[in-house]
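# Please work out how this folds:
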Amino acid sequence: MTSTQQQLAGRQVSAAALATFIIFGANGLVFASWAARIPAVTEILGISSGQMGTLLLCTAVGSLIALPTAGHVITRIGTANSVRASGLLAALAGVGISMSLLAESVPGTAVSLFFFGMGVGLWDVSQNVEGADVEHRLRKTVMPKFHAAFSGGAFVGALIGAGLSGLGVGLPQHLLVIAAAVAVLTFVVPRYFLPHTAPEQPADGEPKPARGPSAWRDGRTLLIGVVVLGATLTEGAGNDWIAKASVDGLGSSESTGALFFALFVLAMTAMRFFGGGVIDKYGRVAVLRGSMAAAAIGLALFVFAGNLWLAAVGAALWGVGAALAFPMGMSAAADDPLHAAARVSVVSTIGYVAFLAGPPLLGYLGDLTGIHLALLAIGVPIVIALLLAGAAKPLPVRE
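Numbers count the residues shown, from 1 in each chain. Alright, predicted model coming up:
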């Protein structure tokens, strides 16, 4: 390869990295734009919190259907077209949600949320596969920065939602603008993704290559899925319960509880943004073990601290520990580019199930023990993830 060709290839990878960063951020923006204004949905539709929970389950079911099939879709049409398809589906679903809210239709909202979940699920796997491909080409760890972009996008989305709510802008109008932005971004930005290479088909008369084991039967992939399960439980529990646990267990005010949550998210986002260099220096397995150890120590300190300052240190350490495990799990699943889409799909599905089921189960346990003590239950998957961290050891690079 000539120096000119190398420069062109370098610029192409840099452009793909920036495009992937934007797509991750847009995904977070969409998620938070909806999540931040869920109270408005209950008011518009006149439903209870329990009924709202059932509506949210429609989103989860849509994602759980899309995630296992995402690998096949990406293999066939590539990450760029998968992001375009998922973005268009999410945008159309957003329009459906908006129209259903204007009509005060609960069934219409439920159906729209189902397709919204499908779009977001496919989008999530597609962006992680592209991120892993960019990471391979750059030969340095950048996946945590992409996930930091998601967190940053979510933060911006939450601020926009709060601001529009304060200005009295209705949720249907808000969602229509977000849907239009998503449709444009997901159509234009992926043109800078890395080129998609379709699976090679044997010539006429040649035998078909032997099929490898399904990603769902690949032992390493499943072990990585268990590690990611521990990571998503760690992150999900902090997102959903750290504020309430601060109030119930530490006797803090609601505003202080919100600050504890903000501290957790800030620590996690900062570690994701700067953690790539740490991974490159010390290795994926060592950092994964260190992350799980930090999460366990932070969790214990938060639960058993005798004062708010120590609990705040615990919350920050918990956030630092929760930051890198999921991005590293995505990178590990995608180590073999030939099977990256299928394996990332499997690991994402396992992680999403944990993210979905874990916090409600903690809530049920909290009814018995108090949510503050119930958080100790996630110590078990954290320790399991720490013990299985070796499964994420990078595979030999294929030349």
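
# and Q173, how many neighbours?
Counted by other Cβ atoms under 10 Å, the residues lying close to Q173 total 13. Quick note: C-beta positions are derived from backbone N, CA and C, even for glycine.

# Can you name the residues that contact it?
S98 (Cβ atoms under 8 Å, 6 or more residues apart in numbering).

# Which element, helix or strand, includes it?
helix 171-188 (DSSP states H and E).

# do the same with V61
For V61, the host element (DSSP H and E) is helix 49-102.

# Can you identify the element that follows that helix toward the C-terminus?
Defined by DSSP H and E, the subsequent element after helix 49-102 is helix 106-138.

# And the closest residue to G28 other than its chain neighbours, what's its pLDDT?
Sequence neighbours aside, G153 is the residue nearest to G28 in space, at 2.9 Å (criterion: Cβ to Cβ, 6 or more residues apart in numbering). Listed pLDDT for G153 reads 85.

# In which helix or strand does G153 reside?
If you go by DSSP H and E, G153 is part of helix 143-167.

# in that helix, what's buried?
For helix 143-167, the neighbour count (16 or more other Cβ atoms under 10 Å) marks 143-155, 157-158, 160-161, 164-165 as buried.

# quick check: angle from it to helix 106-138?
150 degrees (axes from the mean of the first three to the mean of the last three Cα atoms, to 10 degrees).

# that older thread, the residue nearest to G28 against S33, yeah?
No - here G153 does not reach S33: they are 9.4 Å apart, not a contact under Cβ atoms under 8 Å.

# picking up where we left off before, which residues are in contact with the residue nearest to G28?
G153 neighbours (Cβ under 8 Å, 6+ apart): 24-29, 31-32.

# Equivalent analysis for F260, please.
242-243, 246, 252, 311-312, 315.

# so which strand or helix has it?
Here F260, judged by DSSP H and E, is contained in helix 254-282.

# So which elements touch the very next helix or strand once past that helix?
Per DSSP H and E, helix 254-282 leads on to helix 284-304 as the next helix or strand towards the C-terminus. Applying 3 or more Cβ pairs under 8 Å, 6 or more residues apart in numbering; DSSP states H and E, one finds that helix 284-304 contacts helix 219-250, helix 254-282, helix 308-323, helix 325-333, helix 379-387.

# Flag every buried residue along the first one.
Spelled out, it's helix 219-250. Under 16+ other Cβ under 10 Å, the buried positions of helix 219-250 are 220-250.

# same deal with stretch 61-69?
Using 16+ other Cβ under 10 Å as the test for burial, stretch 61-69 gives 62-64, 66-68.

# same check, this time on stretch 18-38
Applying 16+ other Cβ under 10 Å to stretch 18-38 flags 19-34, 36-37 as buried.

# So which of those residues are in helices?
Secondary structure from DSSP state H places 19-34 of these in helices.

# Nearest to A342, out of these: which one, please.
T20 (19.6 Å; Cβ to Cβ).

# I'd say the closest one and N128 touch.
No - between T20 and N128 there is no contact under Cβ under 8 Å: 9.3 Å.

# joint contacts of the two?
F146.

# ok, A16 - contacts?
Per Cβ under 8 Å, 6+ apart, neighbours of A16: 130, 133-134, 137, 192-194.

# Which one of these sits in the busiest neighbourhood?
With neighbours taken as other Cβ under 10 Å, the top of the contacts of A16 is E130, carrying 29 neighbours.

# Check whether that one really touches T20, as I assumed.
Yes - look at E130 against T20 with Cβ under 8 Å: they come within range, at 5.2 Å.

# since we're on L88, how many residues are nearby?
16.

# And the contacts of G153, which is closest to I378?
Out of those, the member with the shortest distance to I378 (by Cβ to Cβ) is F31, at 21.9 Å.

# How about E130, nearest residue that isn't a chain neighbour?
Using Cβ to Cβ, 6+ apart and skipping the chain neighbours, the partner closest in space to E130 is T79 (4.1 Å).

# cool, and A305?
With Cβ to Cβ, 6+ apart, the residue lying closest to A305 is A311, at 4.0 Å.

# gap between the one you found and L233?
Per Cβ to Cβ, to the nearest Å, A311 is found 20 Å from L233.

# show me what contacts the nearest residue to L176 once chain neighbours are set aside?
Leaving aside its chain neighbours, L176 sits nearest to S98 (5.0 Å; criterion: Cβ to Cβ, 6+ apart). Counting by Cβ under 8 Å, 6+ apart, S98 touches 171-173, 175-176, 179.

# ok, 10 Å please
Residues near S98 by Cβ atoms under 10 Å, 6 or more residues apart in numbering: 109, 112, 170-179.

# Among these, which pair sits farthest apart?
Farthest pair in the contacts of S98, by Cβ to Cβ: T109 and V177, 18.2 Å.

# Give the single residue among the ones in helices among the buried residues of stretch 18-38 positioned nearest to V184.
A26 (9.9 Å).

# what about the residue lying closest to that closest one once chain neighbours are set aside, distance to A179?
Setting aside the residues directly before and after it, A26 is nearest to L185 in space (Cβ to Cβ, 6+ apart), at 5.0 Å. For L185, the distance to A179 equals 11 Å [Cβ to Cβ].

# do the same with I382
38 Å.

# Contacts only, for T369.
Contacts of T369 (Cβ under 10 Å, 6+ apart): 375-377.

# top of those by neighbour count?
Greatest neighbour count in the contacts of T369, by other Cβ under 10 Å, goes to L375: 24 neighbours.

# My guess is that residue contacts W241. True?
Yes - using Cβ atoms under 10 Å, L375 is in contact with W241, at 6.3 Å.

# list the residues that contact both of these two?
362, 366.

# In CSV: the contacts of T369, plus secondary structure, distance to T269 and pLDDT.
Formatted as CSV, these follow (DSSP: H, G, I helix; E, B strand; the rest coil; distance: Cβ to Cβ, whole Å; pLDDT from 0 to 100):
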residue, secondary structure, distance to T269, pLDDT
L375, helix, 21, 87
L376, helix, 25, 90
A377, helix, 25, 89
